[in-house]
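Peer 1: got a sequence here, can you build the structure:
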Amino acid sequence: MDPRSVPQAESLPVLYRAVLDVVGDLERLGARDRALDLRRQAARAYQVWDAAGERRMRRLLGDAQRDRSGADVPGPADSRIRTRFRRGSRRDPGATSGRQEGVAST
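Peer 2: Model (predicted):
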């Protein structure tokens, strides 16, 4: 449903749903940080049921759609690299994978 074709009293929920749909797409593309930021901003905008809240939600929808189309969205490979780096930075550099050589597992 096109958010522009809905009466104003119903437009905010429709816009919010549209933003969340695009946020889901961004998460699947690997842009989880951006998706989380947009989800939080949309939740805040949804709390204000006035013209300013609707404008904010429309702006967020446009931003999310631009991000989904490829601008400023890391690809899945970039996301995996960052995730591995973050995980690796928390580990003890001398730690092994948990398996000890010469010890049979039960």
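Peer 1: make it CA atoms for all contacts and neighbour counts henceforth
Peer 2: Fine.
Peer 1: what mean pLDDT does the host helix or strand of residue 56 get?
Peer 2: Using DSSP states H and E, residue 56 sits within helix 51-68. If you average the pLDDT over helix 51-68, you get 93.
Peer 1: which helices and strands does that helix pack with?
Peer 2: helix 8-29, helix 32-46 (3 or more Cα pairs under 8 Å, 6 or more residues apart in numbering; DSSP states H and E).
Peer 1: closest one to residue 64 among the ones you listed?
Peer 2: Each of these was scored for nearness to residue 64 using Cα to Cα, and the closest is helix 8-29 (6.2 Å).
Peer 1: closest to residue 67 out of the helices and strands packed on helix 51-68?
Peer 2: Closest among the helices and strands packed on helix 51-68, using Cα to Cα: helix 8-29, at 7.7 Å.
Peer 1: measure residue 22 to residue 51 for me?
Peer 2: Residue 22 is 22 Å from residue 51, where distance means Cα to Cα, to the nearest Å.
Peer 1: of those two, who's got more company?
Peer 2: Legend: neighbour count by other Cα atoms under 10 Å for residue 22 and residue 51, higher for residue 22 (22 against 11).
Peer 1: does the more buried one really touch residue 68, like I thought?
Peer 2: Yes: the criterion here is Cα atoms under 8 Å, and residue 22 meets it with residue 68 at 7.1 Å.
Peer 1: which of the helices and strands packed on helix 51-68 comes out lowest on mean pLDDT?
Peer 2: Among the helices and strands packed on helix 51-68, helix 8-29 carries the lowest mean pLDDT, at a mean of 90.
Peer 1: and that one, what does it pack onto?
Peer 2: Secondary elements touching helix 8-29 (3+ Cα pairs under 8 Å, 6+ apart): helix 32-46, helix 51-68.
Peer 1: and the angle for that helix with helix 32-46?
Peer 2: 170 degrees (axes from the mean of the first three to the mean of the last three Cα atoms, to 10 degrees).
Peer 1: for helix 8-29, output the C-alpha coordinates as PDB.
Peer 2: The C-alpha trace of helix 8-29 is given here as PDB (Å, rounded to 0.1, in the frame of the first residue of the first chain):
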ATOM      1  CA  GLN A   8      -3.700  11.400   7.400                       C
ATOM      2  CA  ALA A   9      -5.100   9.700  10.500                       C
ATOM      3  CA  GLU A  10      -3.900   6.300   9.100                       C
ATOM      4  CA  SER A  11      -0.700   7.400   7.500                       C
ATOM      5  CA  LEU A  12       1.600   7.100  10.500                       C
ATOM      6  CA  PRO A  13       1.000   3.300  11.000                       C
ATOM      7  CA  VAL A  14       1.300   2.700   7.300                       C
ATOM      8  CA  LEU A  15       4.600   4.600   7.100                       C
ATOM      9  CA  TYR A  16       5.900   2.900  10.200                       C
ATOM     10  CA  ARG A  17       5.200  -0.500   8.700                       C
ATOM     11  CA  ALA A  18       6.900   0.500   5.400                       C
ATOM     12  CA  VAL A  19      10.000   1.600   7.300                       C
ATOM     13  CA  LEU A  20      10.100  -1.600   9.200                       C
ATOM     14  CA  ASP A  21       9.800  -3.600   6.000                       C
ATOM     15  CA  VAL A  22      12.800  -1.800   4.500                       C
ATOM     16  CA  VAL A  23      14.700  -2.200   7.800                       C
ATOM     17  CA  GLY A  24      14.100  -6.000   7.500                       C
ATOM     18  CA  ASP A  25      15.600  -5.800   4.000                       C
ATOM     19  CA  LEU A  26      18.600  -3.900   5.300                       C
ATOM     20  CA  GLU A  27      19.200  -6.500   8.000                       C
ATOM     21  CA  ARG A  28      19.100  -9.300   5.400                       C
ATOM     22  CA  LEU A  29      21.600  -7.400   3.400                       C
END
